[in-house]
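J.: pasted the sequence and its predicted model underneath.
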Amino acid sequence: MSADALAVAQQGLWLAAWLLAPVLAAGALAGVVAGALRGLTGWQEATLSHVSRVVLVALGWALAAPWIARSLVRFTTLAWGGPP
């Protein structure tokens, strides 16, 4: 593999990590909030955790979608040798 190919692969991995960060943060936040509510109320229903996590992760995807799309298009353009 050439140095350019390795650089593109490394940039792609970093980009993937950055693009997933908001969605993972939303899922983690949902888990913490659901855990706190379960601890405070004593309600041990599993759907509280799952539904809140699904809703917040979907919201995270929806809010981050334009940024994710722009970043992926920019990366793809640069990877294929297009203008910066």
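T.: Looks like it arrived, so ask away. Numbering: from 1, shown residues only.

J.: what pLDDT does the model give Leu20?
T.: With respect to pLDDT, Leu20 scores 93.

J.: report the buried residues of the host helix or strand of it.
T.: Using DSSP states H and E, the element containing Leu20 is helix 3-41. Residues 8, 15, 19, 22-23, 26-27, 30, 34 are the ones in helix 3-41 that count as buried (16 or more other CB atoms under 10 Å). To be clear about C-beta, it is placed using only N, CA and C from the backbone, and glycine gets the same treatment.

J.: against which helices or strands is that helix packed?
T.: helix 46-79 (3 or more CB pairs under 8 Å, 6 or more residues apart in numbering; DSSP states H and E).

J.: what residues sit buried inside the helix it packs on?
T.: 48-49, 52-53, 56-57, 60, 64, 68, 75, 79.

J.: out of these, the closest to Leu40 would be?
T.: Leu40 lies nearest to Leu48 out of the buried residues of helix 46-79, by CB to CB, at 11.7 Å.
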